[in-house]
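have a look at this prediction, sequence included:
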Amino acid sequence: MFAHHAGRHSISQSPPIDQAFDQHVLSCVLSCALKEVEAGEATATEATGLSRAELRDLLAVSFAAVPINAFALEEVGEPEPDPEQKLLRELLLAHARPGDLASVRFAKIIARRAMRNNHLWQDLGLFNRTELSRLLATHFPTLAAGNIQNMKWKKYFYRKLCEAEGFSLCTAPSCRECDDFESCFGPEAGESRLARIKNGLALDQEALSSAPRGGQS
């Protein structure tokens, strides 16, 4: 249901207003969250970092056609961010657009999804890194503007957190002299999670259609 909206956006031109792009990003995030809920991997609040009330409001306002009970909100607790997630959320909120509820919501979502192991754009269900860069430039402009060397976003966030504490986890004298340069600045290629989900469903359907049916020799 969300994937249909996200897929339609991906093949069209960039929308002229940020609200349309925000809707696309939320569609991608909620698509991934719903798959995790259905697979028993996480609750809706754990998958998004949003409270039950925030999810209800989001679904009611922006995705009225989606049944709220699909996320089993009545059965879940409120999200409890760990210290690392709290630090990242605070960093994002410090650079969020003033008075913008959407920026606050995205700060919570990004901080939560960043705890996963993939590239951040994949964790959010986006189609590529460019979409993530656009999202960050829109809602956290001063933070995004500081990434002048095009560092991977997760690496950049943790560098900023280290700087705020007055230390650095990196021991290299400079990025150019680092033996692990690709870890921070290499390409962030790969398949989007939504494409992976779609491909997985296609493979499952193919396996079902090719399986022998009962009663046949």
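Great, that's in hand.

count of neighbours near A53?
Here the number of neighbours of A53 (other CB atoms under 10 Å) works out to 10. To be clear about C-beta, it is placed using only N, CA and C from the backbone, and glycine gets the same treatment.

ignore what I typed, I meant L34.
19.

go ahead and confirm it touches F71.
Yes - with contact defined as CB atoms under 8 Å, L34 counts as touching F71 (6.8 Å).

common neighbours of those two, please.
Jointly contacting L34 and F71 under the rule CB atoms under 8 Å, 6 or more residues apart in numbering are A44.

and the helix ranked longest in the chain, what's its mean pLDDT?
Longest helix in the chain, counting residues (DSSP state H): helix 18-38. In this model, helix 18-38 has an average pLDDT of 92.

how about it: buried residues?
Judged by neighbour count using 16 or more other CB atoms under 10 Å, the buried positions of helix 18-38 are 21-37.

same question, stretch 106-117
F106, A107, K108, I109, I110, A111, R112, R113, A114.

columns distance to E84 on top of these, output as TSV?
Formatted as TSV, these follow (distance: CB to CB, whole Å):
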residue	distance to E84
F106	18
A107	14
K108	14
I109	16
I110	13
A111	9
R112	11
R113	13
A114	9
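
with secondary structure, distance to P141 and pLDDT added, can I get those residues in TSV?
Converted to TSV, the buried residues of stretch 106-117 look like this (DSSP: H, G, I helix; E, B strand; the rest coil; distance: CB to CB, whole Å; pLDDT from 0 to 100):
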residue	secondary structure	distance to P141	pLDDT
F106	helix	12	97
A107	helix	13	97
K108	helix	18	97
I109	helix	17	98
I110	helix	14	98
A111	helix	17	97
R112	helix	21	96
R113	helix	20	96
A114	coil	19	95
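
return the member of those residues nearest to T43.
Of all these, T43 sits closest to R112, with 11.7 Å by CB to CB.

any idea how far the closest one is from P67?
For R112, the distance to P67 equals 23 Å [CB to CB, to the nearest Å].

try S31
From S31 over to P67 the distance is 14 Å, taken as CB to CB.

can you report how many residues neighbour A60?
Neighbours of A60 (other CB under 10 Å): 11.
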